[in-house]
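Asks: Sequence and predicted structure below; questions after.
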Amino acid sequence: MSKGDLVPDNITIEILKKRLARDDCHKGFMLDGYPRTIEQAKALDRFTKIDAVVQLIVPEWIIVTRLSSRRICEKCGEVYNLQFLKPKKPGVCEKCGGKLYQRIDDTPKIIKDRLKVYESQTEPLLEYYKSKVPIVRFECESIDIPPQVAVSEILKGLAKFSFPSKAS
């Protein structure tokens, strides 16, 4: 992780398989950042069905700025951003009072390395899924776009498609 590499497929596949077997996933689920490789996508196809893919298109400078400003509570895992979601007291979690820290992979150099890995390993997934499921694209050109705006636009894009309902 400190080098910006991805966790090996055999580990992520086993973790995901166990997680999707839980009751709260029976009516559906959303994956964020997974699958990241064609091999992971093929393994995922063996134990579940993907209904759609959401493609976020964000310039590198925005990704680097946002991620390098991220801070996480060491106690409860609450996420803050020094530019967009600041804690009231610098370095202190508002929920539990824990100390905030920066992940070792949230430095500009490692973020840029992660983006290179993304380009080589993850971008081919768009081609893999293109003929299988709808792909909803959301383009973010401004660092000031609030997450709720992105979510609203993505939901509008997803609403254009009909998906099979999951078992109750």
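Replies: Sure thing, it's come through.

Asks: CA only for contacts and neighbour counts going forward, please
Replies: Fine.

Asks: Straight-line length of stretch 58-73, end to end?
Replies: 26 Å (CA to CA, to the nearest Å).

Asks: list the buried ones in it?
Replies: By neighbour count on 16 or more other CA atoms under 10 Å, the buried set for stretch 58-73 is Ile63, Val64, Thr65, Arg66, Leu67, Ser68, Ser69, Arg70, Arg71, Ile72, Cys73.

Asks: Tell me which helix or strand the fifth one sits in.
Replies: For Leu67, the host element (DSSP states H and E) is helix 60-68.

Asks: Who are the contact partners of the residue nearest to Leu125 when sequence neighbours are not counted?
Replies: In this structure, Leu125 finds its nearest non-sequential neighbour in Ile38, 6.0 Å apart by CA to CA, 6 or more residues apart in numbering. Contacts here follow CA atoms under 8 Å, 6 or more residues apart in numbering; on that basis Ile38 touches Gln121, Thr122, Pro124, Leu125, Tyr128.

Asks: coming back round to it: what is the distance between the helix holding Leu67 and the centre of its chain?
Replies: Centre-to-centre, helix 60-68 and its host chain are 14 Å apart (CA atoms, centre = their mean, to the nearest Å).
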